[in-house]
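# Would you be able to build a 3D model of this:
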Amino acid sequence: MTLETLWFAIVALFWLGYLFLEGFDFGVGMLLPVLGKTNTERRVLVNTIGPVWDGNEVWLIVAAGATFAAFPGWYASLFSGAYLPLLLVLLALIGRGVAFEYRGKVDSERWRRVWDRVIIIGSWIPPLGVGLLLATTVLGLPLDAQGNRVGSPFESVRWDTLLGAVAIVGFSLVHGAAFLALKTTGDLRERARTIALRILPVGLLPLVAFLVVVQAREGKLWTLVSLVIVVLAAAVAWLRLYVNRDGQAFAALAVVITAAAVTFFGALYPNVLPSTLDPAHSLTIVNSAVSHYTLTVMTWVGAFGAPAVLIYQGWTYWVFRKRIGVQHIPAVHAP
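Residues are numbered from 1 along each chain as shown. As a prediction, the model looks like this:
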């Protein structure tokens, strides 16, 4: 395996980590107005992700940073080609982070409603933007021989990339409901499980449809296997939810997004950004990568740094692994 292939796999792994961890994170925010009937219940929902949401967002920074460091040509063409959607994602993430911190600062229903809306909006926009970005990198942009985008700033917004955006939103919604069924107790848990059961077939349908499009255009024989695994794992997730096996359902959804990532990154390889104008202009792991020496240094740094980060984040999830309910929420004491 060449270093270029290794770092392509690492970048794909970072995106997978982001989709899995931040997926349920966004899903919780999307479901805030649906499941949170009272302020106490909304506090429970926010507290399920309170200790981990900021750590989950690190995966986005690392994915983008690794892309920039290992494949600057890929980074430049893709991120500039989807500049406007990414700007909206950035603003939504900033607002969402501020809302988590400020929501409980003042004991006012009006104050909380404002920040709740920011959380909800900030949970819908990022998965749409990230889905659009990943769909664009798989399905391509109109690139010239220098790797520059040809056409308007909205070349990344097409029916097929919008399908990819909806696919990530649908997965996040289902993943968030399954996470809440796993992390909450009592009536809140039952309502979360019921919602997960109802929306899972509809929520994952766009993901399957998008993967079928990817497979039809760019797929290989072995990526068809991972596509079948997506469908089977989705069915297992629904069946496990039906029999109250929340942990197993959540694990099955992890298999869904893992197999999905294998499908579209496997279909993409060895390209990193296909050109829809001329396949000869496509960016590949070879013509968009940095020097062999730089990749070697990055590999050694990552070999020592990555385990420490993974151990720390795993420890965080272990510490906050227990379920919470309305009985665990103290009285409001904000000024």
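# When you work out contacts or count neighbours from here on, use the C-alpha atoms and nothing else.
Fine.
# Only the buried residues of stretch 172-192, if you could.
Neighbour-count burial for stretch 172-192 flags 172-185, 188-189, 191-192 (criterion: 16 or more other Cα atoms under 10 Å).
# Over to stretch 65-78?
For stretch 65-78, by 16+ other Cα under 10 Å, it's Ala66, Thr67, Phe68, Ala69, Ala70, Phe71, Pro72, Gly73, Trp74, Tyr75, Ser77, Leu78.
# thought the first one was touching Val11?
It stands for Ala66. Yes - counting by Cα atoms under 8 Å, Ala66 does reach Val11; the two are 6.3 Å apart.
# Tell me the helix or strand right after the strand or helix carrying Pro201.
Here Pro201 sits within helix 186-218, counting by DSSP states H and E. Note on helix 186-218: by DSSP H and E, the next helix or strand toward the C-terminus is helix 221-242.
# helices and strands around the next helix or strand after that next one, which ones?
Following helix 221-242 in sequence order, the next helix or strand is helix 246-268 (DSSP H and E). Packing contacts for helix 246-268, counted by 3 or more Cα pairs under 8 Å, 6 or more residues apart in numbering; DSSP states H and E, involve helix 3-30, helix 109-139, helix 159-183, helix 186-218, helix 221-242.
# deepest of those helices, which one?
helix 159-183 (a mean of 26; mean count of other Cα atoms under 10 Å).
# what packs against that one?
By 3+ Cα pairs under 8 Å, 6+ apart, helix 159-183 packs against helix 3-30, helix 39-49, helix 109-139, helix 186-218, helix 246-268.
# name the helices or strands packed onto the helix holding Pro201?
helix 32-35, helix 159-183, helix 221-242, helix 246-268.
# For the buried residues of stretch 65-78, name the two members farthest from one another.
Ala66 and Ser77 (14.9 Å; Cα to Cα).
# Show me which parts of the one helix or strand Gly314 maps to are buried, residue by residue.
Counting by DSSP H and E, the element that carries Gly314 is helix 292-319. Neighbour counts using 16+ other Cα under 10 Å place Leu295, Met298, Thr299 of helix 292-319 among the buried residues.
# Same question for stretch 88-104.
So stretch 88-104, judged by 16+ other Cα under 10 Å, has buried residues Leu88, Val89, Leu90, Ala92, Leu93, Gly95, Arg96, Ala99, Phe100, Arg103, Gly104.
# Give the closest residue to the third one in space, chain neighbours not counted.
Right, Leu90. Once flanking residues are discounted, Leu90 sits nearest to Pro126: 7.8 Å by Cα to Cα, 6 or more residues apart in numbering.
# That neighbour reaches Ala92, doesn't it?
Yes - using Cα under 8 Å, Pro126 is in contact with Ala92, at 6.7 Å.
# Quick one: neighbours of the residue lying closest to Leu241 once chain neighbours are set aside, just the number.
Residue nearest to Leu241 in three dimensions, not counting chain neighbours: Ala249, with 5.7 Å by Cα to Cα, 6+ apart. The local packing of Ala249 (other Cα atoms under 10 Å) involves 28 other residues.
# Contacts only, for Ala249.
Ala178, Val236, Ala237, Trp238, Leu239, Arg240, Leu241 (Cα atoms under 8 Å, 6 or more residues apart in numbering).
# and which of those residues is nearest Asn39?
Ala178 (21.2 Å).
# Looks like that closest one contacts Ala252 (just checking).
No - contact criterion Cα under 8 Å: Ala178 and Ala252 do not qualify, at 10.3 Å.
# okay, and the common contacts of those two?
By Cα under 8 Å, 6+ apart, no residue touches both Ala178 and Ala252.
# give me the low-pLDDT residue ranges for this structure?
Counting by pLDDT under 70, the ranges of the chain that qualify are 332-335.
# re earlier: would a markdown table of the helices and strands packed on helix 186-218 with distance to Val118 be doable?
Shown next, in a markdown table, are those (distance: least, Cα to Cα, whole Å):
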| stretch | distance to Val118 |
| --- | --- |
| helix 32-35 | 11 |
| helix 159-183 | 17 |
| helix 221-242 | 30 |
| helix 246-268 | 27 |
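# looking at the helices and strands packed on helix 246-268, which is closest to Gly325?
helix 186-218 (7.0 Å).
# from the chain's centre, how far out does that closest one sit?
14 Å (Cα atoms, centre = their mean, to the nearest Å).
# Also stretch 5-13?
Distance, centroid of stretch 5-13 to centroid of chain: 17 Å (Cα atoms, centre = their mean).
# Touching that stretch from outside, list them.
Under Cα under 8 Å, 6+ apart, the answer for stretch 5-13 is Ala63, Ala66, Thr67, Ala70, Ala261, Phe265, Ile285, Leu295.
# cutoff 6 Å now
Residues outside stretch 5-13 that contact it (Cα atoms under 6 Å, 6 or more residues apart in numbering) are Ala63.
# how about that stretch as CSV, C-alpha atoms only?
Taking C-alpha atoms only, stretch 5-13 is exported to CSV below (Å, rounded to 0.1, in the frame of the first residue of the first chain):
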residue,chain,number,x,y,z
THR,A,5,-3.6,5.2,-0.6
LEU,A,6,-3.0,5.0,3.2
TRP,A,7,-3.8,8.7,3.6
PHE,A,8,-6.8,8.4,1.4
ALA,A,9,-8.1,5.7,3.7
ILE,A,10,-7.3,7.8,6.8
VAL,A,11,-9.2,10.8,5.4
ALA,A,12,-12.1,8.5,4.7
LEU,A,13,-11.9,7.2,8.3
